[in-house]
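Chemist: Pasting the sequence and the predicted coordinates here, then a few questions.
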Amino acid sequence: MPRTPEELSKRISEIDLAILSFLQAFDHSEIQLIDNAAGVIASLHFEYVDAYIKPAVHENIDRHKIASLTELLIIRVQPLRVSDGDIVKQREANALLAFSVAGAFEMGLSENMDENNLEYDSQSPAFNDSFAKIIEDHISFLEFLNPEDESFPIVSNAEFWRLIDFVFQLKRSIYFCP
């Protein structure tokens, strides 16, 4: 559980901002957000930190693990519902939301966060294609996770986000080195 009500409130606000940014960036006429989605996800976040992450890691919980956990909890909660009840569309919408929110946590919560913020444009078309495929495969991975399964790969998924962070750090160092 959160250490303080302020911690819970802060996490709810962060998740809410990221969800709202996602909804503003995408056509969501067919999808509905469940009531108190950010509150449900934030509450589960602290439960999972205590039950699964703290026992598994011996260092501080970094933003990669927070991004990973938030992403996987969105898959668990499935906060977006599709108006026609199509489970495939619902899982796809929630996978995109999960990726976008995790990306917002990873890149430093931004009001203009969407999946395009995680595009990497290098001078190498082969690298760009590979990077786009990695992102596409990750979103597919999220779509096919079972929301009922409580044993999500939180720590190994955090390594995906650590690698994404590394790629963007590399990009910044290439563009900003003297």
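Modeler: The structure has been received and is ready for your questions. The shown structure was predicted, so the numbers you read here are calculated from the model rather than taken from an experiment. Numbering: from 1, shown residues only.
Chemist: Now I31. Its backbone dihedrals?
Modeler: Main-chain torsions, I31, degrees, to the nearest 10: phi -120, psi 150.
Chemist: need the contact list for it.
Modeler: The neighbourhood of I31, defined by C-beta atoms under 8 Å, 6 or more residues apart in numbering, consists of 80-83, 90, 93. Where C-beta positions appear, they are placed from N, C-alpha and C, glycine not excepted.
Chemist: Can you tell me the closest non-neighbouring residue to it?
Modeler: L80 (4.7 Å; C-beta to C-beta, 6 or more residues apart in numbering).
Chemist: give the contact list for that neighbour.
Modeler: 28, 31-34, 90, 93-94, 97.
Chemist: Could you do D84 as well?
Modeler: D84 touches E30, counting by C-beta under 8 Å, 6+ apart.
Chemist: what's the helix of greatest length in the chain in contact with?
Modeler: The longest helix of the chain (DSSP state H) is helix 154-176. Residues external to helix 154-176 that are found in contact with it (C-beta under 8 Å, 6+ apart): 48, 52-53, 56-57, 62-65, 67-69, 71-72, 102-103, 106-107, 118, 120, 122, 131, 138.
Chemist: Can I get the buried part of those as one PyMOL selection?
Modeler: The buried subset of the contacts of helix 154-176, as determined by 16 or more other C-beta atoms under 10 Å, is captured in PyMOL by this line:
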select buried, resi 48+52+53+63+64+65+67+68+69+71+72+102+103+106+107+118+120+131+138
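Chemist: Which residue lies closest in space to the residue most central in space within the chain, excluding its sequence neighbours?
Modeler: Centroid check for the chain by C-alpha atoms, centre = their mean gives A102 as the closest residue, at 2.1 Å. With C-beta to C-beta, 6+ apart as the criterion, A102 has its nearest non-adjacent residue at 3.5 Å, and that residue is E71.
Chemist: Local confidence estimate at that neighbour?
Modeler: pLDDT for E71: 97.
Chemist: which outside residues touch the helix or strand containing it?
Modeler: Using DSSP states H and E, E71 falls within helix 63-77. The contact list for helix 63-77 (C-beta under 8 Å, 6+ apart) reads 15, 34, 37, 40-41, 44-45, 48-49, 53, 57, 94-95, 97-99, 101-103, 105-106, 142, 145, 147, 150, 152-155, 157-162, 165.
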